[in-house]
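**Student:** Let me see the structure of the following:
(chains A and B)
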Amino acid sequence: MTTPALPRRRARFHWRAHVVLLLTLIVMIYPLVWLVGASFKPENLIFTTVNPLPFQFTVANYLSGWTATGTSFSVYLANSATVSICVVVGNLVSCSMAAYAFARLDFALRRVWFALMLGTLMLPFQATLIPQYTIFYQLNWINTFLPLVVPYLLAYDAFFIFLMVQFIRGIPRELDEAAALDGAGQLRVFLTITVPLLRPALITTGVLTFIWTFNDFLRQLVYLSDNSRYTVPLGLNSFIDKASGSSYGGMLAMSVVTLVPTVAVFLISQRRLVDGVANTGIK
Amino acid sequence: MPENTVAAPAAVPVPPPPEAPVRVHKRKRHKHNLAGYGFIAPWLIGVFGFTLIPMVYSLYLSLTKFSLLAAPQWTGFDNYVNLLHDQRYLQAVKVTLIYVLTSVPLKLALALLVAVALNRGLAALGFYRSVFYLPSLLGASVAVSVMWRQIFSQQGLLNEFLSWFGIRGADWIGDPRYALWTLVLLSGWQFGTPMLIFLAGLKQLPQELYEAAALDGAGRFRVFFTITLPLLSPMVFFNLVLETINAFQTFTPAFVVSSGTGGPIDSTLLYTLYLYLKGFGSLQMGYASAMAWVLFLVIGAFTAVYFWSARRWVNYAE
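**Tutor:** Here you go, the predicted model:
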């Protein structure tokens, strides 16, 4: 059916498309490359050149930056890891449970609760920030990780419920029904049939939750006040306050450190993640 | 086969229709009441404890003077009235509207352009997709905001580059005329997520239409505006809603780039930053609650307008 003209036009377009895309890509990624390069340069050379490659390679910035705020960055990293991992586990368990119920079970008021869940998707989190803070304040939870973790044990992030409902609806019901005929209860069906098939959505959820929590700033800024409880974004932020002008090298080095976990998780999961995010827009 | 139905939050609020509408008149028996409530119990507790009750509490607080340390004092609508006379607040509203109305179109336009360019069966598609997506994962971090400061500061990367051509660049971060635009650019830099969604949508478009258009000799621009864009409108809609809601909530870059002040002279005072300064800086929590409620209503209004206008421009296939 294709006319002979089509393939030729396409071939020419490809070549130009690659040039344009590569240029765009270089412009976009350049700052990140520069950041990494600059973090390995001696302090006095950081701003004298656009060249990202350090001609005089040094790790001095990392050594000085690691402890420059008075608390070691290892502490910040450990705190961030604790919070992020708890939130990931919480989201995976509580959101998949709710999603299973919404997608598969027939219970009273289901539609009401489902509509409410969708409504919370549009709620800006600032709307609940202050009342939540006062509640946690009364519970004496300020300056602990609890305000950052507990909501997520209770499926606070409805986006992931929504994502999983969409996914479960795509799984053939026959499998559930066959298991139910064999006498399996809902919990068995959920654990042995839905959860294994839900794996792609669980991976998307886990990875996005980890990255978002690891990089979340406002909540952590509000709830954590003690340097030893600080997470990575707060550690970096206090660095900016302290360094202001004096130690750019250390600040850039620690910026690189805080980006490493995100990039690592991304590289490990990229294929799955990219597909998962692409499908959030499509039923 | 082409199914372009969008999964925008409220576009699919209806679960597959069961037998009859759930009007509890004659008691309908549901098969899984126990299991159903068992499975949603965590969410149900969460939604009441962390969303619904706090929302009501916040509404109450917004009608009081409250500093956290003493009990709230009822002041009626004073907070809301004061908002209208607070010059800094009005500035924050202005800055935020400019930010939302420029950064969202910029981000979506870039996402669409790159998605269309990628959707040609290019070699190395996977590589491009991943690299273009990466900034939207990193973008919200403090580290990237730090990096942005270094690019646009007086002795930053950009000015260094411009000096090759003999151009003396401005102090982009320190000059109130430019500071906000560096934030808009940072948002544009993160076009990866909508790009992925557009790309997935483009893959589902029926090839026959394109072949027919090619036979008719339609140029690339015409094909884009008469075929691609209308067919893609559900994805445009979905991204528009999502990105608008996100843009209204932007905090980190404004905080980091301005060292937490919203400066220079309040030119980067995004709404959420001002809310933070009021609520947690000067502990005016009643006032900040009123601000939060206004934000909630404004986002609701924007979303409502989008949904209302969707009938005119969103093409829900067949």
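
**Student:** So, low pLDDT: which residues of the chain?
**Tutor:** Defaulting to chain A. The model of chain A has pLDDT under 70 over residues A:1-13, A:47-50, A:52, A:54, A:241-246, A:280-283.

**Student:** Oops, wrong one, chain B.
**Tutor:** Residue ranges of chain B with pLDDT under 70: B:1-28, B:317-318.

**Student:** Quick check: closest non-adjacent residue to residue 277.
**Tutor:** Went with chain A since none was named. Distances taken as CB to CB, 6 or more residues apart in numbering or on different chains place residue B:196 nearest to residue A:277, at 5.0 Å, with adjacent residues excluded. Heads up, the C-betas are built off the backbone N, CA and C, glycines and all.

**Student:** hm, I was asking about chain B
**Tutor:** Per CB to CB, 6+ apart, closest to residue B:277 is residue B:262, 7.2 Å.

**Student:** what's that neighbour in contact with, if anything?
**Tutor:** By CB atoms under 8 Å, 6 or more residues apart in numbering or on different chains, residue B:262 lies in contact with B:92, B:254, B:268-270, B:273-274, B:277.

**Student:** out of these, which are inside helices?
**Tutor:** Judged by DSSP state H, these include B:92, B:254, B:273-274 as members of helices.

**Student:** Which stretches in chain A count as helices?
**Tutor:** Secondary structure of chain A, counting by DSSP H: helices at A:5-39, A:60-66, A:73-104, A:110-121, A:126-138, A:146-153, A:158-169, A:173-181, A:186-189, A:195-197, A:199-215, A:218-223, A:232-243, A:248-278.

**Student:** can you redo the ones you listed as CSV with mean neighbour count?
**Tutor:** Below are the helices of chain A laid out as CSV (neighbours: other CB atoms under 10 Å in any protein chain shown):
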stretch, mean neighbour count
helix A:5-39, 15
helix A:60-66, 18
helix A:73-104, 22
helix A:110-121, 18
helix A:126-138, 21
helix A:146-153, 21
helix A:158-169, 23
helix A:173-181, 13
helix A:186-189, 18
helix A:195-197, 13
helix A:199-215, 21
helix A:218-223, 21
helix A:232-243, 21
helix A:248-278, 20
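
**Student:** got TSV for the ones you listed, with distance to residue B:202 too?
**Tutor:** TSV is the format used below for the helices of chain A (distance: least, CB to CB, whole Å):
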stretch	distance to residue B:202
helix A:5-39	14
helix A:60-66	43
helix A:73-104	28
helix A:110-121	25
helix A:126-138	34
helix A:146-153	34
helix A:158-169	20
helix A:173-181	30
helix A:186-189	37
helix A:195-197	27
helix A:199-215	20
helix A:218-223	34
helix A:232-243	35
helix A:248-278	10
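
**Student:** mind checking which of these is nearest residue B:60?
**Tutor:** Distance to residue B:60, taken as CB to CB, is lowest for helix A:126-138 among these, at 8.6 Å.

**Student:** about what we covered before: buried sites along the helix or strand the residue nearest to residue A:277 falls within?
**Tutor:** Secondary structure assigned from DSSP states H and E places residue B:196 in helix B:192-203. Across helix B:192-203, burial judged by 16 or more other CB atoms under 10 Å in any protein chain shown covers B:192-202.

**Student:** next one: stretch B:145-160
**Tutor:** Result for stretch B:145-160 [16+ other CB under 10 Å]: buried residues B:145-153, B:156-160.

**Student:** what do you get for stretch B:44-55?
**Tutor:** Buried residues in stretch B:44-55 (16+ other CB under 10 Å): B:44, B:46-47, B:49-51, B:54-55.

**Student:** taking those residues one by one, which sit in helices?
**Tutor:** B:44, B:46, B:54-55.

**Student:** which one among these gets closest to residue B:123?
**Tutor:** residue B:46 (46.2 Å).

**Student:** quick one: contacts for the closest one?
**Tutor:** A:94, A:151, A:153-156.

**Student:** show me which of the residues you listed neighbour chain B.
**Tutor:** Among the contacts of residue B:46, the residues lying close to chain B (CB under 8 Å from any CB of the partner chain) are A:94, A:151, A:153-156.

**Student:** Which pair in the residues you listed has the greatest spatial separation?
**Tutor:** Farthest-apart pair in the ones next to chain B among the contacts of residue B:46 is A:94 and A:151; separation 9.9 Å (CB to CB).

**Student:** So for stretch B:69-88, first residue to last residue, what's the gap.
**Tutor:** Chord length of stretch B:69-88, first to last residue, is 25 Å (CA to CA, to the nearest Å).

**Student:** now check it, is it near chain A?
**Tutor:** No: under the criterion of CB under 8 Å from any CB, stretch B:69-88 makes no contact with chain A; the nearest approach is 9.1 Å.
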